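1. model this:
(chains A and B)
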Amino acid sequence: GAVVSQHPSWVICKSGTSVKIECRSLDFQATTMFWYRQFPKKSLMLMATSNEGSKATYEQGVEKDKFLINHASLTLSTLTVTSAHPEDSSFYICSARDPGGERSGEQYFGPGTRLTVT
Amino acid sequence: AQSVTQLDSQVPVFEEAPVELRCNYSSSVSVYLFWYVQYPNQGLQLLLKYLSGSTLVKGINGFEAEFNKSQTSFHLRKPSVHISDTAEYFCAVSSSAGGTSYGKLTFGQGTILTVHP
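-> Numbers count the residues shown, from 1 in each chain, chains lettered A, B, ... in the order given. This is a model prediction of the structure:
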């Protein structure tokens, strides 16, 4: 089956610094990847849709300048949390849309990255 | 716009008992439906999906769900649960039509299933 990896799985950073999270599709090419944020005991909130070779599409209320998304290749998308603050602490999950399931919207999810900002 | 409501935030059951996790959705267009499972500190794993055809869908780990269009529901069931089924379960919908919502998943709030020995 399709595998999506994320790196790092866990990161602690100081307030004001930037953190980059990588999302890779390991055995398939993903023209579209998604970034979600999950708060404790809450559901997943879609942050943005990342399209290879073009600008990401952000959901309403998500700050583009704070959450920088780059989808430079068909297997890699990155999320950079800039000038992180404690309220950015969360579980970030990426997913890649199944290229064979374009019309179903089925997505393969990464294992998530736990970000803690101190 | 779409929305998903999981009617139970927590469901405690005993091992080998049957379980049903309820999911209702709202959408102005046709949808695809999914159930995902999330174990602690992990990503989501697809349990099953409904795209078209038979309304009774069988998934992994003995789970099944039934799509009921008239009631806009997609409840998840398992006839006999195991301790290892303890996890959080998410119902999700995706638009089957075009437009800006195409391909995006909208998730319910999640149901924590706890299986007791």
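2. C-alpha from now on. contacts and neighbour counts both.
-> OK.
3. where does the prediction get shaky in the chain?
-> If you meant another chain, say so; for now it's chain A. Judged against pLDDT under 70, the low-scoring parts of chain A cover residues A:1, A:100-105.
4. meant chain B, my bad for not saying
-> Low-confidence segments of chain B, defined by pLDDT under 70, are located at B:97-103.
5. around chain A, pick out the residues from it.
-> Contact residues of chain B with respect to chain A, defined by CA under 8 Å from any CA of the partner chain, are listed as B:32, B:41-46, B:51, B:90, B:94-96, B:102-110.
6. what ranges do the strands span in chain A?
-> Under the criterion DSSP state E, chain A carries strands at the ranges A:4-7, A:10-13, A:19-25, A:32-38, A:44-51, A:57-58, A:67-73, A:76-81, A:90-97, A:107-109, A:113-117.
7. now mean neighbour count too, for those, in a markdown table please.
-> Shown next, in a markdown table, are these (neighbours: other CA atoms under 10 Å in any protein chain shown):
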| stretch | mean neighbour count |
| --- | --- |
| strand A:4-7 | 21 |
| strand A:10-13 | 14 |
| strand A:19-25 | 22 |
| strand A:32-38 | 23 |
| strand A:44-51 | 23 |
| strand A:57-58 | 16 |
| strand A:67-73 | 19 |
| strand A:76-81 | 22 |
| strand A:90-97 | 26 |
| strand A:107-109 | 25 |
| strand A:113-117 | 21 |
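8. put together CSV for these, with distance to B:Ser80 on each row.
-> Putting the strands of chain A into CSV (distance: least, CA to CA, whole Å) gives the following:
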stretch, distance to B:Ser80
strand A:4-7, 31
strand A:10-13, 35
strand A:19-25, 35
strand A:32-38, 30
strand A:44-51, 28
strand A:57-58, 42
strand A:67-73, 43
strand A:76-81, 40
strand A:90-97, 30
strand A:107-109, 27
strand A:113-117, 33
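9. and the ones you listed: which comes nearest B:Phe63?
-> Comparison of the strands of chain A against B:Phe63 by CA to CA identifies strand A:107-109 as nearest, at 19.0 Å.
10. just to revisit the earlier point, among the strands of chain A, which comes closest to chain B?
-> In this view, those are compared for proximity to chain B by CA to the nearest CA, and strand A:107-109 is the closest at 5.7 Å.
11. that closest one pairs with which strands, and in what direction?
-> Looking at strand A:107-109 with DSSP bridges, its paired strands and their directions are strand A:90-97 (antiparallel).
12. what angle separates the partner strand from strand A:44-51?
-> In terms of direction (axes from the mean of the first three to the mean of the last three CA atoms, to 10 degrees), strand A:90-97 departs from strand A:44-51 by 50 degrees.
13. determine how far strand A:90-97 lies from the middle of the whole chain.
-> Distance of strand A:90-97 from its chain centroid, counting by CA atoms, centre = their mean, to the nearest Å, is 4 Å.
14. pull it out as PDB, backbone CA atoms only.
-> Output of strand A:90-97 as PDB, limited to C-alpha atoms (Å, rounded to 0.1, in the frame of the first residue of the first chain):
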ATOM      1  CA  SER A  90      -0.200  20.900  18.000                       C
ATOM      2  CA  PHE A  91      -0.100  17.600  16.100                       C
ATOM      3  CA  TYR A  92       0.400  18.300  12.400                       C
ATOM      4  CA  ILE A  93      -0.600  15.600  10.000                       C
ATOM      5  CA  CYS A  94       0.000  15.500   6.200                       C
ATOM      6  CA  SER A  95      -1.700  13.300   3.700                       C
ATOM      7  CA  ALA A  96      -1.200  12.600   0.000                       C
ATOM      8  CA  ARG A  97      -4.000  12.000  -2.400                       C
END
